[in-house]
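Participant: missing the sequence, but the structure's below:
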């Protein structure tokens, strides 16, 4: 069970994170804008809810899901699971089943943690309100989650085969640029933003454990050189998947009723 | 909009739905792929309950606190008409939220380890701490700069994709010159700098600005701050690797 000590540790950690934000806002509100806050009680309650929410969220993850997820990533990348007895003449292709499970795990963990990511939820709520409902909260989150899932599976594959990271990322950039030219213009900024919001509280710790574990286990890979890059994949591919989602819905809307050109 | 218990209830149901895929994935791999029993079922259940409760409170707090704060500030700055104050605020928000970001602290430490192993810096605690601190400062500066550029873009109505594509080109060029060991960390640093509290606040600021300036569309002009804040750290980490 979580002890009070851990609770206060997490609470002070979160307070420390938001302290610079609170100071910045208060200084500018009172010294530069020089007007009192509108509805201070409600704002305070909201801020307390956000902090309480973050603390409970982090504590719950630490207690239940992270230990299990991390030990899972370790077990899946262990020499035993991958069948590595003699590293000298080890052939990845002979153990393709084990690697298939790893790619599936990467994709599944990427999809499910993205659905639960609080900052993506915040952006989706805002986008839904701003677009007058044209961008659905669920649709955006699911297409981002597919992007993260594909990105992590491909990123794990890259670690296993040992290709240079920047080839993949540059190819991804080229794809994003081509998609940008053909996408409905209104969705482009939101799609770019969804790359940065996918990887925070939930995804990063699990993904880091997976990447480093994989780079340590596969013969010929170094954790320092090959273990990084999964986060980059998880931030790039949602841009591609959200643009693709917009293109598909735009195309479908146009082919069924050729009126609503402004719908996304 | 006030707080009502019916909000908490419907919010709890939604959070439960949001968190269920993780539980399904972990159960599936634990029981069927790894073929191991589930350890500490009680702890897992109570932890999951905390996650659900936490997510619900967070979402309610967004609507009550973070979104209104960001929007009010945006409207106040737009009415006041002081560009320099707005830009100063934008920089402080980006810099302040990044410098203390735990994920960045972890990444900077890893980068120092890598640099020491590759013999770019001396392999001792002092020079590694110095390297990590410098890296954190430059990433925080990069995020501050990104928010400033993003705010100017919203005011001027520049198309975001031109700036982002320009950024991609710069990143590709920097990749050619950066030390090999730093590239992975640099690419990863783009994703880790934007924290769970910064994202809603910055998004509300951007959307608020775009909706209070005439001729700007909140969807087209309001988003994009996060994208810029994920792009500049990659450049600055590589620049840091080249010049340190």
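Facilitator: Good, I have the coordinates. Since this is a predicted model, take the numbers as computed values, not measurements. Numbering: from 1, shown residues only, chains lettered A, B, ... in the order given.
Participant: ok, and the closest non-adjacent residue to the closest residue to chain A within chain B?
Facilitator: In chain B, the residue that lies nearest chain A is residue B:65 (2.0 Å; CB to the nearest CB). (Glycine included, C-beta is placed from N, CA and C.) Spatial nearest neighbour of residue B:65, excluding adjacent residues (CB to CB, 6 or more residues apart in numbering or on different chains): residue A:46 at 2.0 Å.
Participant: so the one you found is in which element?
Facilitator: Using DSSP states H and E, residue A:46 sits within helix A:40-60.
Participant: Can you name the next helix or strand after that helix?
Facilitator: Defined by DSSP H and E, the subsequent element after helix A:40-60 is helix A:66-76.
Participant: Name the residues that touch that next one?
Facilitator: A:81, A:98, A:101-102, A:105, A:109, A:205-206, A:209-210, A:213, B:26, B:29-30, B:33-34, B:36, B:39, B:44 (CB atoms under 8 Å, 6 or more residues apart in numbering or on different chains).
Participant: Please, where are all the helices along the chain?
Facilitator: Defaulting to chain A. For chain A, the helices defined by DSSP state H occupy A:4-27, A:40-60, A:66-76, A:79-82, A:96-115, A:118-130, A:137-161, A:165-182, A:188-197, A:203-217, A:223-226, A:230-256.
Participant: That was the other one, I meant chain B.
Facilitator: Using DSSP H, helices in chain B cover B:5-28, B:41-61, B:67-80, B:83-99, B:102-117, B:125-156, B:160-177, B:180-192, B:198-212, B:225-243.
Participant: Would you reformat these as TSV and include mean pLDDT, distance to chain A and mean neighbour count?
Facilitator: Listed next are the helices of chain B as TSV, based on pLDDT from 0 to 100; distance: least, CB to the nearest CB, whole Å; neighbours: other CB atoms under 10 Å in any protein chain shown:
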stretch	mean pLDDT	distance to chain A	mean neighbour count
helix B:5-28	86	4	16
helix B:41-61	89	3	21
helix B:67-80	87	5	20
helix B:83-99	90	3	21
helix B:102-117	79	5	20
helix B:125-156	92	10	20
helix B:160-177	94	4	17
helix B:180-192	84	3	26
helix B:198-212	91	4	26
helix B:225-243	92	3	25
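Participant: what residues are up against residue B:188?
Facilitator: Per CB under 8 Å, 6+ apart, neighbours of residue B:188: A:228, A:229, A:230, A:231, A:232, B:107.
Participant: and which of those residues is nearest residue B:217?
Facilitator: Using CB to CB, residue A:232 comes nearest to residue B:217 of those, at 30.3 Å.
Participant: Find the nearest non-adjacent residue to that closest one, please.
Facilitator: Leaving aside its sequence neighbours, residue A:232 sits nearest to residue B:187 (CB to CB, 6+ apart; 3.6 Å).
Participant: check contacts around that neighbour.
Facilitator: A:165, A:166, A:169, A:228, A:229, A:231, A:232, B:234.
Participant: of all those residues, which two lie farthest apart?
Facilitator: Most distant of these, by CB to CB, are A:166 and A:231, 14.5 Å apart.
Participant: Tell me the confidence at residue A:9?
Facilitator: The model reports residue A:9 with a pLDDT of 84.
Participant: Over to the one 5 residues further on?
Facilitator: In this prediction, residue A:14 carries a pLDDT score of 82.
Participant: so it sits right up against residue A:57, yeah?
Facilitator: No. Taking contacts as CB atoms under 8 Å, residue A:14 lies outside contact range of residue A:57: 9.6 Å.
Participant: and residue B:159, how many neighbours?
Facilitator: 16 (other CB atoms under 10 Å in any protein chain shown).
Participant: repeat for residue A:106
Facilitator: A count of nearby residues for residue A:106, using other CB under 10 Å, gives 31.
Participant: Look up how far residue B:12 lies from the nearest residue to residue A:180 once chain neighbours are set aside.
Facilitator: Residue nearest to residue A:180 in three dimensions, not counting chain neighbours: residue B:161, with 4.9 Å by CB to CB, 6+ apart. Distance from residue B:161 to residue B:12, counting by CB to CB, to the nearest Å: 39 Å.
Participant: what do you get for residue A:159?
Facilitator: Computed as CB to CB, the residue A:159 to residue B:12 distance reads 38 Å.
Participant: what number of residues lie near the residue nearest to residue B:65?
Facilitator: 23.
Participant: give me every residue that touches residue 54.
Facilitator: Just going to use chain A. Residue A:54 is in contact with A:14, A:118, A:201, B:54, B:58, B:196, B:197, counting by CB under 8 Å, 6+ apart.
Participant: wait, chain B
Facilitator: Residue B:54 neighbours (CB under 8 Å, 6+ apart): A:52, A:53, A:54, A:55, A:56, A:57, A:58, A:59, A:60.
Participant: Looking at the residues you listed, spot the one nearest residue B:205.
Facilitator: residue A:54 (19.5 Å).
Participant: pLDDT wise, what is that closest one at?
Facilitator: Residue A:54 is assigned 88 on the pLDDT scale.
Participant: No further queries at this time; thank you.
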